[in-house]
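>>> model the structure of this input:
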Amino acid sequence: MPEGTGAYVFKTDEPYRDAGGQAFDDRDFVGEQTFPTMDPATSFPYSPVFGAPSDATVKVPAWLNDRARYHNRGDAKFDGGESDTYGDFSGLDDLFTEQAIVLEGMKDIYRAWVDFGIDGSGSTPSIMSTSNSGRSSRPPSRSGLWTMATQISFLSGKCTIPTRGCCLDSQPRDGSRRRWTSGSKSR
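Here you go, the predicted model:
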């Protein structure tokens, strides 16, 4: 598959390879503290690159700048198959959550959001009151990660979400819910 096309490359056609070139199945390492060392230049169907040298350090926390922390397989097809698990979501790089370091990093991010008081309940910043313990007085709502990401971006003045662009889902004012189907929005 030519670089830059975005077409999904299946694991049966091009498996992941460790830094030494040995093919492996990432599912064999889910939940394990050790994961094969990967090389962004040789371990993936697509070689992840930064648009500019300055992009190499732009993401916060810093582990998000490691190109081996993403699946690098191409775009999801939204057909219920493998690409929906490993593919990029409409250009948003898909995190390699089979790696323990990625899971731990995401836990730290979510913990910081909750400690900061972000509940994700609406499309505007929603800082909750806190109890004496310093924790929020109610749990985060189910409205989603992207609303919380929007709030973090607006409150911090910088984007900390691992994306190549900005694609945020907001809820309509009429209170109805939107869901993603086959790569398009529907109600």
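
>>> lowest-pLDDT helix or strand in this protein?
strand 179-181 (a mean of 31; mean pLDDT, DSSP states H and E).

>>> what are the buried residues along the top helix by length along the chain?
Counting residues, the longest helix found in the chain (DSSP state H) is helix 100-116. For helix 100-116, the neighbour count (16 or more other C-beta atoms under 10 Å) marks Val102, Gly105, Ile109, Trp113, Val114 as buried. For every residue, glycine as well, the C-beta is placed using N, CA and C.

>>> cool, stretch 81-93 as well?
Ser83, Tyr86, Gly87, Asp88, Leu92, Asp93.

>>> residue contacts, the first one?
By C-beta atoms under 8 Å, 6 or more residues apart in numbering, Ser83 lies in contact with Tyr8, Phe10, Arg73, Gly74, Asp75, Ala76, Lys77.

>>> from these, pick the one nearest Phe29.
Phe29 lies nearest to Arg73 out of those, by C-beta to C-beta, at 16.6 Å.

>>> how about the nearest residue to that closest one, chain neighbours excluded?
Among residues not flanking Arg73 along the chain, Tyr86 sits closest, at 4.9 Å (C-beta to C-beta, 6 or more residues apart in numbering).

>>> list the contacts of the one you found.
For Tyr86, the contacting residues are Tyr8, Lys11, His71, Arg73, Ala76, Asp94, by C-beta under 8 Å, 6+ apart.

>>> biggest separation within the buried residues of helix 100-116, which pair?
Spatial extent of those (C-beta to C-beta) is set by the pair Val102 and Val114 at 18.8 Å.

>>> pLDDT value on the residue nearest to Arg73, please?
Per-residue confidence (pLDDT) for Tyr86: 95.

>>> same question, Pro45
pLDDT at Pro45 comes out at 95.

>>> contact partners for the nearest residue to Asp93 once chain neighbours are set aside?
Spatial nearest neighbour of Asp93, excluding adjacent residues (C-beta to C-beta, 6+ apart): Tyr70 at 4.6 Å. Contacts for Tyr70 were tallied using C-beta under 8 Å, 6+ apart; they are Pro48, Asp93, Asp94, Leu95, Phe96, Pro162.
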